[in-house]
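>>> A predicted structure for the sequence below; I have some questions about it.
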Amino acid sequence: MSLFSPLRISGIEIPNRIAISPMSQYRATDGFANDWHFVHLGRFALGGAGLVFCEATAVEERGRRTPGDLGIWQDDHIAGLARIAQFLEAEGAVPGIQLAHAGRKASERRPWHGESPLNDGDVALRGEAPWTAIAPSAIPYADGWPAPRAMTLDDIAETVAAFGAAAVRSLAAGFKVIEVYAAHGFLIHEFCSPIANRRTDAYGGSFEGRVRFPIEVAEAIRQVWPERLPLIFRLSATDWLDGGWTVDETVELARRLKAVGVNVIDCSSGGIGGAQPTPRLPLGHGFQVPFSERVRREAAMPTMAVGMIWNPAEANAIVADGRADLVALAREALDDPNWPLHAHAALNDGHAFSMWKAEFGWWLERRDRIVRKLGLRQSRGTSGQRQDR
């Protein structure tokens, strides 16, 4: 088992263990995918990734994080997403989509506009009006944020149904994998975490109550999402906060999600927000890999590792040592969309272009022979990157 060995999940074979994480681009209008998303995601398929996810895609209009979020809350959204899924699959990658609801983090400015709540000033600046966010409890995400509206039981039922309807549209668009965004302080994570969920009904209080919503979401999706197609949940394995969501709870939720048809747990962490400051995280290479290793071992199900993974040898070791079944890249892939191709060369004794599409590899291999013969520069170092880059 290695980074470049295939992985079969249900009825889908992923050609290698490299996934491209969902990365929000905030370039949609009214939720519609456009050429930006097509080019942004298509380059990862050309770059050799085995599984490529569309960014967080809102299942309800009110569930967008920003006005620029992708959406899948109406049938009209299907065509633009289908174009992307078809291209990814045609070029050898498995197309995935992340279904999302921002909860109390909705109605936010794009990061480069301040990553703060929209207000009436944004109407004048960009024609982007704020809307009322919903959440398990009427607790603001952070100081200076408006309080969301606490969800009624009808709201909960409507939102669960919206995830199911989004899964139907995802199937129609040609996606082969769904990931549910249940991490980083968005709606499903808000239900799980005592930091954000102060409900006293069947959807709050005890662990049983707090995980009721994610389990109902998984069940709603599985009712319409074929068994042969993988279903993944991205979880924040810990809030990193006293009194917050814990790794022990993540393991138990993973077991319960597995029982209702979830195939893989994508292990991230943090993001719940709130008044209590998050302590300094133990940032470092693969700092979240222990979460994926523990969930994999104790819940007996495949996992995906993510977070500061960029060295090919380290990524390969994560898979080879059984610490995760998939390795996900995000910002590293933005910096180098061809990271999988370079990693393959680094791990295969410098066979630099054997995995490249012929349309690229033929030219690059030919040039490489010439520049090496002329001694103009070293072609590639052991990292898979040119040493004179």
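Cool, got the structure.

>>> all helices for the stretch 1-150 of the chain, in order.
35-46, 78-90, 120-126 (DSSP state H, counting those that start in this stretch).

>>> now the ones you listed as TSV including distance to Leu171 and mean pLDDT?
C-beta coordinates here come from the backbone N, C-alpha and C atoms, glycine included. Listed next are the helices of the stretch 1-150 of the chain as TSV, based on distance: least, CB to CB, whole Å; pLDDT from 0 to 100:
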stretch	distance to Leu171	mean pLDDT
helix 35-46	18	98
helix 78-90	10	98
helix 120-126	34	95
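
>>> save the ones you listed as a markdown table, and put in distance to Ser269 too.
Shown next, in a markdown table, are those (distance: least, CB to CB, whole Å):
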| stretch | distance to Ser269 |
| --- | --- |
| helix 35-46 | 24 |
| helix 78-90 | 28 |
| helix 120-126 | 31 |
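
>>> out of those helices, which gets nearest to Pro282?
For Pro282, the closest of the helices of the stretch 1-150 of the chain is helix 35-46, at 28.6 Å, according to CB to CB.

>>> the inter-axis angle of the closest one versus helix 78-90?
Going by axes from the mean of the first three to the mean of the last three CA atoms, to 10 degrees, helix 35-46 is angled at 20 degrees with respect to helix 78-90.

>>> counting contacts, what elements does helix 35-46 pack onto?
Helices and strands touching helix 35-46, by 3 or more CB pairs under 8 Å, 6 or more residues apart in numbering; DSSP states H and E, are strand 51-58, helix 78-90.

>>> could you redo the last one with a cut-off of 10 Å?
strand 18-20, strand 51-58, helix 78-90, strand 94-100, helix 331-335, helix 339-347 (3 or more CB pairs under 10 Å, 6 or more residues apart in numbering; DSSP states H and E).

>>> out of those, deepest packed?
Comparing these by mean neighbour count (mean count of other CB atoms under 10 Å), strand 18-20 comes out on top with a mean of 29.

>>> tell me the average confidence for that strand?
Computed over strand 18-20, the mean pLDDT rounds to 98.

>>> same deal with stretch 349-368?
On average, stretch 349-368 scores 88.

>>> cool, and stretch 174-183?
98.

>>> also stretch 193-210?
Rounded mean pLDDT across stretch 193-210 is 98.

>>> list the buried residues of it.
Ser193, Pro194, Ile195, Ala196, Asn197, Arg199, Tyr203, Gly204, Phe207, Gly209, Arg210 (16 or more other CB atoms under 10 Å).

>>> so the third one sits against Asp239, correct?
Yes: counting by CB atoms under 10 Å, a contact exists between Ile195 and Asp239, whose distance comes to 6.0 Å.

>>> what do the two both touch?
Gly185, His189, Trp245, Ile272, Gly273, Gly274, Gln276 (CB atoms under 10 Å, 6 or more residues apart in numbering).

>>> so where's the longest helix in the chain?
helix 153-173 (DSSP state H).

>>> run the angle between that helix and helix 78-90 for me.
Using the same axes, to 10 degrees: helix 153-173 against helix 78-90 is 50 degrees.

>>> elements contacting the helix or strand following helix 153-173?
Where DSSP states H and E defines the elements, the next helix or strand beyond helix 153-173 is strand 177-182. Counting contacts by 3+ CB pairs under 10 Å, 6+ apart, strand 177-182 packs against strand 51-58, strand 94-100, helix 153-173, helix 187-192, helix 212-222, strand 231-236, helix 247-259, strand 264-268.

>>> those: which one's closest to His113?
strand 51-58 (17.3 Å).

>>> and that closest one, what's its mean pLDDT?
98.

>>> give the buried residues for the helix or strand of the chain with the lowest mean pLDDT.
When the helices and strands of the chain are compared on mean pLDDT, DSSP states H and E, helix 358-374 comes out lowest with a mean of 91. For helix 358-374, a neighbour-count test (16+ other CB under 10 Å) marks Gly361, Glu365 as buried.

>>> tell me how far that helix is from the chain's mean position?
35 Å (CA atoms, centre = their mean, to the nearest Å).

>>> hmm, back to that, and the helices and strands packed on strand 177-182: which comes nearest Pro130?
Among these, strand 51-58 sits nearest to Pro130 (CB to CB), with 15.7 Å.

>>> so Gly307 touches Val289, yeah?
Yes: if you go by CB under 10 Å, Gly307 and Val289 touch, sitting 7.6 Å apart.

>>> which residues are in contact with both of these two?
Counting by CB under 10 Å, 6+ apart, the residues touching both Gly307 and Val289 are Cys267.

>>> so which of the helices of the stretch 1-150 of the chain is nearest Gly63?
helix 78-90 (16.3 Å).

>>> just checking, what packs against the closest one?
Taking 3+ CB pairs under 10 Å, 6+ apart as the contact cut, helix 78-90 packs with helix 35-46, strand 51-58, strand 70-71, strand 94-100, helix 153-173.

>>> got CSV for the helices and strands packed on helix 35-46, with distance to Thr132 too?
CSV is the format used below for the helices and strands packed on helix 35-46 (distance: least, CB to CB, whole Å):
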stretch, distance to Thr132
strand 18-20, 33
strand 51-58, 15
helix 78-90, 27
strand 94-100, 18
helix 331-335, 32
helix 339-347, 40
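
>>> between these, which one is nearest to Asp122?
When the helices and strands packed on helix 35-46 are compared (using CB to CB), the closest one is strand 51-58, at 18.2 Å.
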